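J.: 3D model of this:
(chains A and B)
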Amino acid sequence: MSQANLAVDPHAAVMEESPFAIPSSKLVMWLFIISDAVTFGAFLFAYGYIRNASTDWPTPFEHASIWNALLMTFILVTSSLTILFAVRAAQNDDRAGAFKWTLITAGGGTLFAILHLREWSSLIGEGVRMFQNPWGAPMFGATFFTITGLHMLHVIGGVIALTVVALTYRAGRYSAKHIEIWSLYWHFVDIVWMFVVPMVYLLNMKR
Amino acid sequence: MNTTTTPNASGKSNGMATTYVVYVTILAIAVYQVCFAMMAGPQPMLMLALAILQASIAVMYFMHLAAERQVLALALIPYTIFVLFMMNMIWSDSVRLLHMRPH
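T.: Just a heads-up that it's a prediction; the model follows:
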């Protein structure tokens, strides 16, 4: 341990090195993501179970809904790209650039949520409720609204978190590390959607 | 946007060129899924396999797990797969329910 390191962190000499060579806050985010992945996994398994055990499972999604889901995928994956731009700018100490790209990412998340709410509104207008729908197995609404609702909650939470992180980073109270950690969360939200589209939308496409 | 390589948090380089390739690949898989489902009908195992492929690419290159110390991946991925795999135990029961339906 050099004198320079001791000057930066006086406790460094008595602290163990991180086992994964990453900051503890980043490790906590990884552990949160793992637990959240298992939560979404449980919901998708429950949905698959109910769908598999039903003979009259509805397939209500017209091609317009599928194209809408693909547009939402495009927006979410693109926002994953823009948060990477934010991380890169923050690592290069470009505070204005990191702020701009983080807010663009939050904007993408907002657009995604609006499109999703429009999809919900359309289904509700067709008579889909939590435990009833005009087409068949009544649990369709419960599984659809629970899975997509939990995902949308993550998107809205991410938009709020990214906005707060961007503002705090611009004010100089957060570092590049914070943007990088929240980018992990945002990528995770994107990854969950990659499973929701084929499992919930494509398998229930009208034919 | 700078397209040259710069070190990430773990000190290893990861270029933006790779990021663009990953971005296009993920979108291409999504488009293929939709087109395939529309033309041939959705096949659950293929759809799931493509989703796992998309997610793996995103975890490795968007979340930079490929550039982190290997022990982190070894600590996170196998246990997640194990838990998700164990949930598979319920599938056979759902088929049993189908055969026990009263009508």
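J.: and for stretch A:62-72, what's in contact with it?
T.: A:61, A:112, A:115-116, A:118-119, A:122, A:193, A:197, A:201-202, A:205-206, B:30-31, B:34, B:37-38 (Cβ atoms under 8 Å, 6 or more residues apart in numbering or on different chains). Every residue, glycine included, has its C-beta placed from N, CA and C.
J.: give me the buried entries from those.
T.: Among the contacts of stretch A:62-72, those buried by neighbour count (16 or more other Cβ atoms under 10 Å in any protein chain shown) are A:61, A:112, A:116, A:119, A:193, A:197, A:201, A:202, A:205, B:30, B:34, B:37.
J.: quick one: which of the residues you listed is nearest residue A:41?
T.: residue A:193 (14.2 Å; Cβ to Cβ).
J.: for that closest one, identify the helix or strand it belongs to.
T.: helix A:176-196 (DSSP states H and E).
J.: counting contacts, what elements does that helix pack onto?
T.: helix A:24-52, helix A:63-91, helix A:95-125, helix A:139-170, helix B:44-57 (3 or more Cβ pairs under 8 Å, 6 or more residues apart in numbering or on different chains; DSSP states H and E).
J.: the inter-axis angle of the shortest one versus helix A:24-52?
T.: Right, the one you point to is helix B:44-57. For helix B:44-57 against helix A:24-52, the angle by axes from the mean of the first three to the mean of the last three Cα atoms, to 10 degrees is 170 degrees.
J.: from residue A:48, how far out is the residue of chain A found nearest chain B?
T.: Nearest residue of chain A to chain B (Cβ to the nearest Cβ) works out as residue A:198 at 3.6 Å. Distance of residue A:198 to residue A:48, given as Cβ to Cβ, to the nearest Å: 12 Å.
J.: quick one, which of the two is more surrounded?
T.: Using other Cβ atoms under 10 Å in any protein chain shown as the criterion, residue A:198 and residue A:48 rank with residue A:198 on top: 25 against 20.
J.: what sits closest to the more buried one if chain neighbours are left out?
T.: residue B:47 (3.6 Å; Cβ to Cβ, 6 or more residues apart in numbering or on different chains).
J.: could you do residue A:147 as well?
T.: residue A:43 (5.2 Å).
J.: surely the one you found meets residue A:149?
T.: No - using Cβ atoms under 8 Å, residue A:43 makes no contact with residue A:149, being 10.1 Å away.
J.: tell me which of the two has more neighbours.
T.: Neighbour comparison, residue A:43 and residue A:149: the larger count goes to residue A:43, with 17 against 12 (by other Cβ under 10 Å).
J.: got the contact list for that one?
T.: A:143, A:146, A:147, A:150.
J.: go on, residue A:179?
T.: A:83, A:86, A:87, A:90, A:98, A:102, A:165, A:166, A:169.
J.: save the residues you listed as a markdown table, and put in distance to chain B, neighbour count and pLDDT too.
T.: Rendered in a markdown table, the data for those read as follows (distance: Cβ to the nearest Cβ, whole Å; neighbours: other Cβ atoms under 10 Å in any protein chain shown; pLDDT from 0 to 100):
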| residue | distance to chain B | neighbour count | pLDDT |
| --- | --- | --- | --- |
| A:83 | 9 | 30 | 97 |
| A:86 | 11 | 30 | 97 |
| A:87 | 8 | 24 | 96 |
| A:90 | 10 | 24 | 97 |
| A:98 | 12 | 26 | 97 |
| A:102 | 14 | 28 | 98 |
| A:165 | 16 | 22 | 97 |
| A:166 | 18 | 25 | 97 |
| A:169 | 15 | 21 | 97 |
